[in-house]
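**Student:** here's my sequence, what's the structure:
(2 chains)
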2 protein chains.
Amino acid sequence: MTVLTDQYTAEREAVDAGLRAAAARLPAPAARIAAYHFGWTDEAGNPVEANSGKALRPLLTLLAAKTVSGDWRAAVPAAVAVEMVHNFSLIHDDIIDRDGLRRHRPTAWKVFGVNDAILVGDALHALAFEVIAEAGGDRAPAGAGLLAQTVRALIEGQLADTRFEDREHVELAECVAMSEAKTASLMGCATALGALFGGGTPEQVEALRDFGFRLGLAFQHVDDLLGIWGDPAVTGKAVYSDLRNRKKSLPVTAALGSGHADAPELAALYRAGVPLDEDGLRRAAALVESCGGRLASQRAAETLTAAAAEGLADRRLHGGAVAELTSLAASTVGRAW
Amino acid sequence: MTVLTDQYTAEREAVDAGLRAAAARLPAPAARIAAYHFGWTDEAGNPVEANSGKALRPLLTLLAAKTVSGDWRAAVPAAVAVEMVHNFSLIHDDIIDRDGLRRHRPTAWKVFGVNDAILVGDALHALAFEVIAEAGGDRAPAGAGLLAQTVRALIEGQLADTRFEDREHVELAECVAMSEAKTASLMGCATALGALFGGGTPEQVEALRDFGFRLGLAFQHVDDLLGIWGDPAVTGKAVYSDLRNRKKSLPVTAALGSGHADAPELAALYRAGVPLDEDGLRRAAALVESCGGRLASQRAAETLTAAAAEGLADRRLHGGAVAELTSLAASTVGRAW
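**Tutor:** This next block holds a predicted model:
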């Protein structure tokens, strides 16, 4: 994935060091599972050349801090906390969704069992708040409050997501609200915490939160497009994977609710009791497109990314840092679909 | 159970109100499950005459606050946070241990499924930190730090507990360490947070933490005695329930490691591949007693309770409040066994 995150070596190293230092506090069995999950070790506990994921959220935190003060180092603990919350949530969601693969490797519960995976998720959750409390000084209460609200949103999103699976019809507005809760809220928290720990004013913190929130929703639209049309070599998922799972993603929900003449055929394919074969998958993808679902998500991603950038104007932010942040956003959302 | 908690009506009502106000912030499906778990509603969501458990930990928090300042109201948010952590941990542990009953009712995962129960536990966990962050003022970082360390200890204890089940031999020292992590740490956190939010000095906070920690370990000894010899009508568990489950509890571990001539017979009963019948259960209980396990836990509970009380001397605490706290401790640990 050609994301600009590759270029921020010092920032990435600082976050990595912070994550490892925090994880080292965990009781041994939990530390071992966390190290596997973060991609630092293999299943047997041997160190591996890390491919710890994009670490997009902590980088957003650090670049957000730069926009208010030029100094990203003060926000490293906030970036670590955000990444801890993200990963606690991934570990628990993988259990709930019975997902067996993440970052091309078996998920934590697959390797270490559900029980230990629940506990390691809990441990990372607490660790996030501990890091914020220790490093936050007089900003710690506001930081912890932001983090807690975000966890609540993540849970709300996950609860909605699991319920959508059992429902035949989901309104686009419900699907957007779910994506906001599951994805946008944490990215908004990432940039807000960066601004907070960077020493920003309340107005700047709010503006950066809006930025991350819009970017997060744009990101989800792109992710949902990739779940249908993404290159398996890049996404690590099978082609049409979201259609195979009959996921009620943003483009699919938009297509189903479009009123287009092809929508009933798509709905019928989603209702059918049997797995979709290759022809069925190709047909479903074509129907999402003919009903305008693909274009709707492409446009939403573009509009949200533009609105995110515009929201940072006239906030007395560091211009160079804002350019870095919006470039990162554009490169993230501009992932080939 | 004849515990003195019955007499602190104002304190109990304040905690109850705080818990309900915090839980009301949860997304609707999570709020419903939390209300069931806390004993406020039945499975269908109808309000019931609450029997929300003893609420021992929050009461310890409030009485600890009184020992440093005489004012317990300032510590209500801390008491709420402690009870939130306790209940998040119960919900997740019930999933992990596959426990189907709690407080004479089906557990949350039994009624609402494992997935939702994981998420509700997560929600209560975050809520605890949120309550501390909002109410703590300049004590919030220290409070959050205490809470996070405690969660880590709870996880360490639960990890150890699940591993003990698969091991034939557990040293008494390991069993004590596990009980400290699983039970004593949270009771130490309860009293420490009370002292902190009551405005105590760091030395007072530390002294109250030691008090709660020792009381917690004493409490676990008593709980383990009740798990063998407790009256089912009082404990809500079957007679000999811990022996039936071949739990390596404190008195059992002490008996197995006693070197007494009867210890090998007890070990053989614990190793046997078949469930113990009534004769086997009675025999196992008699062997724990003849090997000195019962007496060891009774003495440990008494010694720890006395040491807890002595540790509060010369701390410039309010004498009347200290008397209340030690009475509560004595009544808790003095539960009939």
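**Student:** now stretch A:202-209: average pLDDT?
**Tutor:** Across stretch A:202-209, the average pLDDT comes to 97.
**Student:** burial measure for the nearest residue to A:Asp99 once chain neighbours are set aside, as a count.
**Tutor:** Spatial nearest neighbour of A:Asp99, excluding adjacent residues (Cβ to Cβ, 6 or more residues apart in numbering or on different chains): A:Thr107 at 5.8 Å. Backbone N, C-alpha and C define where each C-beta goes, glycine included. If you count neighbours by other Cβ atoms under 10 Å in any protein chain shown, A:Thr107 ends up with 22.
**Student:** and A:Thr107, what pLDDT?
**Tutor:** A:Thr107 is assigned a predicted lDDT (pLDDT) of 96.
**Student:** what do you get for A:His260?
**Tutor:** On pLDDT, A:His260 comes in at 97.
**Student:** right, and it touches A:Glu289 too?
**Tutor:** No. Assessed by Cβ atoms under 8 Å, A:His260 is found out of contact with A:Glu289, at 10.5 Å.
**Student:** tell me the contacts of A:Ile95?
**Tutor:** Counting by Cβ atoms under 8 Å, 6 or more residues apart in numbering or on different chains, A:Ile95 makes contact with A:Trp109, A:Val114, A:Ala117, A:Ile118, A:Gly121, B:Asn115, B:Ile118.
**Student:** what's the closest non-adjacent residue to it?
**Tutor:** Once flanking residues are discounted, A:Ile95 sits nearest to A:Trp109: 4.8 Å by Cβ to Cβ, 6+ apart.
**Student:** what about that neighbour, distance to chain B?
**Tutor:** 11 Å (Cβ to the nearest Cβ, to the nearest Å).
**Student:** ok, A:Gly273 next?
**Tutor:** Distance of A:Gly273 to chain B, computed by Cβ to the nearest Cβ: 23 Å.
**Student:** can you tell me the SS state at that residue?
**Tutor:** Using DSSP: H, G, I helix; E, B strand; the rest coil, the structure places A:Gly273 in coil.
**Student:** that older thread, tell me which other helices or strands the helix or strand where the residue nearest to A:Ile95 lies touches.
**Tutor:** In the assignment (DSSP states H and E), A:Trp109 maps to helix A:108-112. Using 3 or more Cβ pairs under 8 Å, 6 or more residues apart in numbering or on different chains; DSSP states H and E, the elements in contact with helix A:108-112 are helix A:28-37, helix A:76-97, helix A:114-135.
**Student:** quick one on the thing from earlier: distance to A:Ala238 added to the contacts of A:Ile95, as CSV?
**Tutor:** Putting the contacts of A:Ile95 into CSV (distance: Cβ to Cβ, whole Å) gives the following:
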residue, distance to A:Ala238
A:Trp109, 21
A:Val114, 24
A:Ala117, 24
A:Ile118, 28
A:Gly121, 26
B:Asn115, 24
B:Ile118, 27
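**Student:** okay, those in CSV with neighbour count next?
**Tutor:** Shown next, in CSV, are the contacts of A:Ile95 (neighbours: other Cβ atoms under 10 Å in any protein chain shown):
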residue, neighbour count
A:Trp109, 24
A:Val114, 17
A:Ala117, 22
A:Ile118, 26
A:Gly121, 30
B:Asn115, 19
B:Ile118, 26
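**Student:** list just the nearest of these to A:His92.
**Tutor:** For the contacts of A:Ile95, the residue nearest A:His92 by Cβ to Cβ is A:Gly121; the value is 4.5 Å.
**Student:** with adjacent residues omitted, what lies nearest to that closest one?
**Tutor:** Nearest in space to A:Gly121, with sequence neighbours left out and distances taken as Cβ to Cβ, 6+ apart, is A:Ile91 at 4.1 Å.
**Student:** the stretch 51-200 of chain A against chain B: which residues are in contact?
**Tutor:** Neighbours of chain B within the stretch 51-200 of chain A, by Cβ under 8 Å from any Cβ of the partner chain: A:88, A:92, A:95-96, A:115-116, A:118-119, A:121-123, A:125-127, A:129-130, A:132-134, A:136-138, A:140-142, A:144-145, A:147-149, A:151-152, A:155-156, A:158-159, A:162-163.
**Student:** neighbours of A:Gly188, just the number please.
**Tutor:** A:Gly188 has 27 neighbouring residues, counting by other Cβ under 10 Å.
**Student:** can you confirm it is in a strand?
**Tutor:** No. Using three-state DSSP, the assignment for A:Gly188 is helix, not a strand.
**Student:** which residues does A:Asp97 contact?
**Tutor:** Per Cβ under 8 Å, 6+ apart, neighbours of A:Asp97: A:Thr162.
**Student:** likewise A:Ser249?
**Tutor:** When contacts are counted by Cβ under 8 Å, 6+ apart, A:Ser249 touches A:Cys175, A:Asp224, A:Gly227, A:Ile228, A:Asp242.
**Student:** please redo it, this time with the cut-off set to 10 Å
**Tutor:** A:Ser249 sits next to A:164, A:175, A:179, A:220-221, A:223-225, A:227-228, A:242-243, A:255, A:288, A:293, A:297 when contact means Cβ atoms under 10 Å, 6 or more residues apart in numbering or on different chains.
**Student:** follow-up on the earlier one: off-centre distance for the helix holding A:Trp109?
**Tutor:** Taking Cα atoms, centre = their mean, to the nearest Å, one finds the center of helix A:108-112 at 21 Å from the center of the full chain.
**Student:** nearest the geometric middle of chain A, what residue?
**Tutor:** Residue closest to the average C-alpha location in chain A (Cα atoms, centre = their mean): A:Thr183, at 5.0 Å.
**Student:** next, it: secondary structure please.
**Tutor:** Classification of A:Thr183 by three-state DSSP places it in helix.
**Student:** what's the pLDDT at the closest residue to it other than its chain neighbours?
**Tutor:** Distances taken as Cβ to Cβ, 6+ apart place A:Gln220 nearest to A:Thr183, at 4.3 Å, with adjacent residues excluded. Note for A:Gln220: predicted pLDDT of 96.
**Student:** my read: A:Gln220 touches A:Ser179, true?
**Tutor:** Yes. Judged on Cβ atoms under 10 Å, A:Gln220 makes contact with A:Ser179 at a distance of 4.3 Å.
**Student:** and the strands in chain A, which stretches?
**Tutor:** A:101-102, A:105-106 (DSSP state E).
**Student:** still on that earlier bit, show me what contacts the residue nearest to A:Ile95?
**Tutor:** A:Trp109 sits next to A:33, A:37, A:91-92, A:94-96, A:98-100, A:115-118, A:120-121 when contact means Cβ under 10 Å, 6+ apart.
**Student:** show me which of those residues is closest to B:Gly236.
**Tutor:** Nearest to B:Gly236 among the contacts of A:Trp109, counting by Cβ to Cβ, is A:Asn115 at 24.2 Å.
**Student:** and for A:Arg25, the neighbour number?
**Tutor:** If we define neighbours as other Cβ under 10 Å, then A:Arg25 has 15 of them.
**Student:** tell me the contacts of it?
**Tutor:** Going by Cβ under 10 Å, 6+ apart, A:Arg25 touches A:Ala31, A:Ala123, A:Leu127, A:Glu130, A:Val131, B:Ala148, B:Gln149, B:Arg152.
**Student:** give me phi/psi at it?
**Tutor:** Main-chain dihedrals, A:Arg25, degrees, to the nearest 10: phi -80, psi -10.
**Student:** where are the low-confidence patches of chain A?
**Tutor:** Where chain A drops to pLDDT under 70, the residues are A:1-6, A:50-53, A:335-337.
**Student:** so where's the longest helix in it?
**Tutor:** Across chain A, the helix with the greatest residue count (assigned by DSSP state H) is helix A:202-229.
**Student:** buried ones in that helix?
**Tutor:** Of all the residues in helix A:202-229, those buried under the rule 16 or more other Cβ atoms under 10 Å in any protein chain shown are A:204-229.
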